Structures are given as C-alpha cells and as structure tokens.
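*Asks:* sequence unknown, structure follows:
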C-alpha cells in the first residue's frame with residue numbers, strides 16, 4: 001500500500017528531515033504539509049496547507065481525508081527550557097484513523113504504531 005502522509009512541523013529541524021525522507025521514499029505517494037508558514041520546498045509529491053492557528057483546524061474539512069499516516073513533528077524549541085515546563089500538546093485533526101507517529105515530542109491520546 002502506498003503511503004499518503006500528513007506532516008506537521010516541516011519547517012523545524014526534525015520535521016524537515018522527515019519531509020525530505022518522505023519525498024525520497026518510493027512507498028510515499030503524497031505528503032500533505034500543514035503549517036503556519038510555507039516550507040519552501042517544491043516537489044511533485046508535496047501539497048501544502050497554511051493555517052494561522054493550530055488550535056482551530058475546522059477549516060481543513062475534507063482536505064485531510066484519505067491519508068493513512070501522520071508525522072507529528074510540531075513543537076517549539078526546548079533550548080533553555082526546564083523539562084517540566086515543556087509539556088506536549090495533542091493534535092486532534094485526523095478523522096480517518098491513520099497511523100500517527102509523534103516524532104520528538106509527547107503525544108496524548110491513542111495512536112496506532
């Protein structure tokens with residue numbers, strides 16, 4: 001089965017690496033990047049949605065249906081922050097039950113691996 005993945009955090013260090021690997025991999029058919037700003041990459045497999053507010057993803061609607069994987073790389077830098085002051089946040093936007101992979105951060109709720 002070909003992979004159609006959603007990726008958040010593509011402009012960060014970890015997310016950018018995940019994006020490059022997805023674009024290079026033969027089993028990945030499409031990557032949908034959801035971010036606050038453009039990731040600056042053009043590629044035939046890449047689609048992008050810019051959202052100003054990750055706390056309100058209601059405008060995404062059917063644009064996120066049909067995907068079977070999600071790489072959650074969204075976060076903020078932990079440099080200079082004490083571990084206890086750096087909690088993870090949940091990302092509840094995927095309606096079709098895809099495989100959800102949290103990369104480099106905490107994830108609340110159920111996920112399949």
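*Replies:* Alright, I've got the coordinates. Worth saying up front: this structure is predicted, and the values here are computed from it rather than measured. Numbering: from 1, shown residues only.
*Asks:* the strands in the protein, which residues?
*Replies:* 3-8, 28-35, 46-50, 69-72, 99-102 (DSSP state E).
*Asks:* Would you format these as CSV with mean pLDDT, distance to residue 17 and mean neighbour count included?
*Replies:* Every C-beta, even on glycine, is put in place using the N, C-alpha and C of the backbone. Listed next are the strands of the chain as CSV, based on pLDDT from 0 to 100; distance: least, Cβ to Cβ, whole Å; neighbours: other Cβ atoms under 10 Å:
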stretch, mean pLDDT, distance to residue 17, mean neighbour count
strand 3-8, 94, 11, 22
strand 28-35, 96, 13, 20
strand 46-50, 96, 15, 14
strand 69-72, 89, 10, 22
strand 99-102, 52, 13, 17
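*Asks:* Please name whichever of these is nearest to residue 57.
*Replies:* Taking Cβ to Cβ, strand 28-35 is the member of the strands of the chain nearest to residue 57, at 7.9 Å.
*Asks:* list the helices and strands that closest one packs on?
*Replies:* Packed against strand 28-35 by the contact rule (3 or more Cβ pairs under 8 Å, 6 or more residues apart in numbering; DSSP states H and E) you find strand 3-8, helix 13-24, strand 46-50.
*Asks:* Noted, bye for now.
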